[in-house]
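here's my sequence, what's the structure:
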Amino acid sequence: MAAFSKVSAPERDRVTFAAPAVAPSPVASIITRLRPCLPAILILLLTVIAYLPILHAGYIWDDNRHITLNTLLRTTDGLRTLWINRTALPQYYPLTHTFFWVEYHLWDDHPLGYHAVNLLLHACNACFVWLILRKLSVRGALLAAILWAVHPVNVETVGWIAERKNTLSGFFYLLSLLAYLRLEEESPRRALWYLLSLALFISSLLCKSVTCTLPAAVLLISWWRHSRLRLRDVIALLPFFAIGALLGLNTAYLERTRVTASGPEWRFASTIPGEIVARCLIAGRAVWFYLSKLLLPYPLMFEYPRWHIDISAAWQYAFPASAALALIALFVLRKRLTRGPLTCMLFFVGTLFPALGFANLYPMRFSFVADHFQYLASIGPLTLLAAGISNLSRRRVGDFLRAEILIAGLMALTFARTFAYQDELTLYADSISKNPNGWLCQTNYGALLGSKGDLDDATAHLMAGLRLHPINAVAADELGKIAEIRKQDQDAADWFQRAIEMDPKVGTPHYDLAQLLEKQGNAAGALREYQLAVDLQPNHAPAHLSYGVLLAAESDYAQAAKQFEEAVRIDPASTLARRDLIAALERCGQLGEAADQIHELLRRLPNDALLYNKLGLVETARHHTAPAIAAFSHALALDPQFTESRQHLDALLAQTATKP
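Sure, this is the predicted structure:
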């Protein structure tokens, strides 16, 4: 031992390294490097497996309005309009539609790309949930993130392209929260983290303003961590509250004015105090509904039954009263149970608040609840469940509580649920089978069947939708279309008139009636209905186009040109509208404007010989010989057999040759 203790350092090193070393295998080395990322990889893998069938899905309700029928996605001017005109679309969510704009230019209107991005965003959000809970040292953080990622109530958000609002706003919401939590770390970069958190919060609001509840959630987390509200947190969050309130109120205003979420269907009592009580009844019942769907996610449906609210029914007060008592009990027991359960449930209720019915939302017409409304809110109860399972597991509770079984069960339910979202017909049929009194799905299902030629079944479902909801202008309008297909023109006109009486603010029945009158030769009546249609729906390009065609047929070319200009403004990619505009401008003698429109159209159709011939004719009429010769020459280069262009070109060349 004495001799060993005197060995010099170089000799010890030499002896140590002389021993044969076992090199780690490549697989072990990779696993070691990836170890910190393994939970995130697991979350991503389980999420993709659970939602895999959604990648084969198509479009469902409202998706077309956001993608295929959204002409603002097609041009740079449209992108600019998304940001500067808050009424260009029913809701002002410019960042969400900017993502759609980018994706439209990447993969056009193929649904696979949109579904893949939605799924990826949800998986990333689940990873952010894990990072946040781990940072807060919450027990069962990974389990909570997985439960939230694969829970079937989120299928509506992930499988519905229009709900990109949810996944994208959630993405920025969770990143903002992560950035804000860095403020707890004493660092010279605290100001940068604060500004980053604020910028991400604003981004989330520009995707969907329901995330305005974030600053309240931050205060709740601060109270949970420190057992008190700190003044510095309140002051720091004042800009968050102000910006969130501003954009939240803007959404509420647009919901009432642009989305038309107002009227008798949103009134539940005859007095203001009674209305407030009714809204509390809705909110209390909704809280328990959402919690029950998290604990027992069956049956899930696209359109849940709409409750009948009666402020005189004593039993309906049990829902808000029991919800309030449960929160009070958790507050009283906060020292014995810790503040965790109260924090999770307050987060749940607070994040749900914008969708609890205190503000008018369009879906309240047919249901007070929807799965996608609790996308972020469900993190709270599932975190509480995961923490409870983790605590029980440490006490060696039986195998029936093992988290793996719960995860596998939820994944199976989610996988099965995704098949309902493959297309609109499947989704509506699924919902009708579970809620045959859902008038929205009955109406939309009937309209789809009618568009596919199944007129008898379409009529049955549309009549059911009308019976369930007598003020159903969509059903009446679709019944009018079916009557028109069956050559029952008088019945069709009657249905269109009924639709107009049911909802005078909608232009579609006026447009359909105008087309029927035009077909019958009643030009005056058709012109009147077209005018009403474009007044009520100024962004409906087909109405402007049809109106312009009829005006041109009546030789009112100046007014026709205005309608074609509106159609082109709404849908700049419409070659038909631009060609009609060119013809109307020619008739009005506005040859310069006509030439400009031809040049614009040639940017999209550079190989159209007819267009070059038209440009040559317009330039000839303007006495612009050189541009006319160039245009006719271009037409002949594209089509050497184009006789008309050859004749005009020869005439111009002969004319220029005779000039001194």
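
pLDDT weak spots in this protein?
Low-confidence segments of the chain, defined by pLDDT under 70: 1-32, 34, 186-187, 393-401, 659-660.

could I get the buried residue list for the helix of greatest length in it?
Longest helix in the chain by number of residues (criterion: DSSP state H): helix 231-257. Neighbour counts over helix 231-257 (16 or more other C-beta atoms under 10 Å) mark 233, 236-237, 240, 243-244, 247-248, 251-252, 254-256 as buried. (C-beta placed from N, C-alpha, C; glycine too.)

quick one: name whatever helix or strand follows it.
Heading C-terminal from helix 231-257, the first helix or strand you meet, by DSSP states H and E, is helix 272-295.

which helices and strands sit right next to that following helix?
Packing contacts for helix 272-295, counted by 3 or more C-beta pairs under 8 Å, 6 or more residues apart in numbering; DSSP states H and E, involve helix 318-332, helix 340-352, helix 379-394.

state the phi and psi torsions of residue 122.
The phi/psi pair for residue 122 (degrees, to the nearest 10) reads phi -60, psi -40.

buried set for stretch 182-194?
Buried residues in stretch 182-194 (16+ other C-beta under 10 Å): 182-183, 193-194.

JSON lines for those residues, including secondary structure?
Shown next, in JSON lines, are the buried residues of stretch 182-194 (DSSP: H, G, I helix; E, B strand; the rest coil):
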{"residue": "182", "secondary structure": "helix"}
{"residue": "183", "secondary structure": "helix"}
{"residue": "193", "secondary structure": "helix"}
{"residue": "194", "secondary structure": "helix"}
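
which of those lies closest to residue 422?
residue 182 (41.7 Å; C-beta to C-beta).

residue nearest the centroid of the chain?
Geometric centre of the chain, nearest residue: residue 162, 2.8 Å, by C-alpha atoms, centre = their mean.

I'd say that one and residue 69 touch.
No - checked against C-beta atoms under 8 Å, the pair residue 162 and residue 69 is beyond contact range at 11.8 Å.

dump stretch 71-89 to PDB, keeping only the CA atoms.
C-alpha atoms of stretch 71-89 as PDB (Å, rounded to 0.1, in the frame of the first residue of the first chain):
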ATOM      1  CA  THR A  71     -59.800  33.800 -52.200                       C
ATOM      2  CA  LEU A  72     -57.600  35.900 -50.000                       C
ATOM      3  CA  LEU A  73     -55.200  33.000 -49.800                       C
ATOM      4  CA  ARG A  74     -54.400  33.200 -53.500                       C
ATOM      5  CA  THR A  75     -52.500  36.500 -53.800                       C
ATOM      6  CA  THR A  76     -50.100  38.800 -52.100                       C
ATOM      7  CA  ASP A  77     -52.800  41.500 -51.900                       C
ATOM      8  CA  GLY A  78     -55.000  38.900 -50.200                       C
ATOM      9  CA  LEU A  79     -52.300  38.400 -47.500                       C
ATOM     10  CA  ARG A  80     -52.100  42.100 -47.000                       C
ATOM     11  CA  THR A  81     -55.900  42.300 -46.700                       C
ATOM     12  CA  LEU A  82     -55.900  39.600 -44.000                       C
ATOM     13  CA  TRP A  83     -53.800  41.900 -41.700                       C
ATOM     14  CA  ILE A  84     -55.100  45.400 -42.500                       C
ATOM     15  CA  ASN A  85     -58.900  44.700 -42.900                       C
ATOM     16  CA  ARG A  86     -60.300  43.200 -39.700                       C
ATOM     17  CA  THR A  87     -63.700  42.600 -41.400                       C
ATOM     18  CA  ALA A  88     -62.300  40.800 -44.500                       C
ATOM     19  CA  LEU A  89     -63.200  37.500 -42.800                       C
END
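
number of nearby residues for residue 335?
The tally of other residues near residue 335 (other C-beta atoms under 10 Å) stands at 8.

can you give me the helices in the stretch 451-600 of the chain?
In the stretch 451-600 of the chain, the helices defined using DSSP state H, counting those that start in this stretch lie at 455-468, 473-485, 489-502, 508-519, 523-536, 541-553, 557-570, 575-587, 591-604.

which helices and strands does the helix or strand that comes right after the last one pack with?
I take that to be helix 591-604. Toward the C-terminus, helix 591-604 is succeeded by helix 609-621 as the next helix or strand (DSSP H and E). In terms of contacts (3+ C-beta pairs under 8 Å, 6+ apart), helix 609-621 is packed against helix 591-604, helix 625-638, helix 643-658.

which of the residues in helix 609-621 are buried?
So helix 609-621, judged by 16+ other C-beta under 10 Å, has buried residues 609, 611-620.

got JSON lines for these, with distance to residue 336 too?
Output for the buried residues of helix 609-621, formatted as JSON lines (distance: C-beta to C-beta, whole Å):
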{"residue": "609", "distance to residue 336": "85"}
{"residue": "611", "distance to residue 336": "80"}
{"residue": "612", "distance to residue 336": "84"}
{"residue": "613", "distance to residue 336": "87"}
{"residue": "614", "distance to residue 336": "84"}
{"residue": "615", "distance to residue 336": "84"}
{"residue": "616", "distance to residue 336": "89"}
{"residue": "617", "distance to residue 336": "89"}
{"residue": "618", "distance to residue 336": "85"}
{"residue": "619", "distance to residue 336": "88"}
{"residue": "620", "distance to residue 336": "92"}
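
ok, so of the residues you listed, who is nearest residue 646?
Nearest to residue 646 among these, counting by C-beta to C-beta, is residue 613 at 10.1 Å.

residues in contact with that closest one?
Neighbour list for residue 613: 631-632, 635, 642, 644-645, 648 [criterion: C-beta atoms under 8 Å, 6 or more residues apart in numbering].

which residues are in contact with the helix or strand harbouring residue 96?
Assigned by DSSP H and E, residue 96 falls within helix 94-107. Contact with helix 94-107 is made by 66-67, 70, 72-74, 78-79, 82-83, 89, 113-114, 117, 164-165, 168-169, 203, 206-208, as judged by C-beta under 8 Å, 6+ apart.

can you get me a residue count around the residue nearest to residue 633 when sequence neighbours are not counted?
Leaving aside its chain neighbours, residue 633 sits nearest to residue 649 (6.4 Å; criterion: C-beta to C-beta, 6 or more residues apart in numbering). The number of residues packed near residue 649 is 21, by other C-beta under 10 Å.

surely residue 649 meets residue 630?
No - using C-beta under 8 Å, residue 649 makes no contact with residue 630, being 9.8 Å away.
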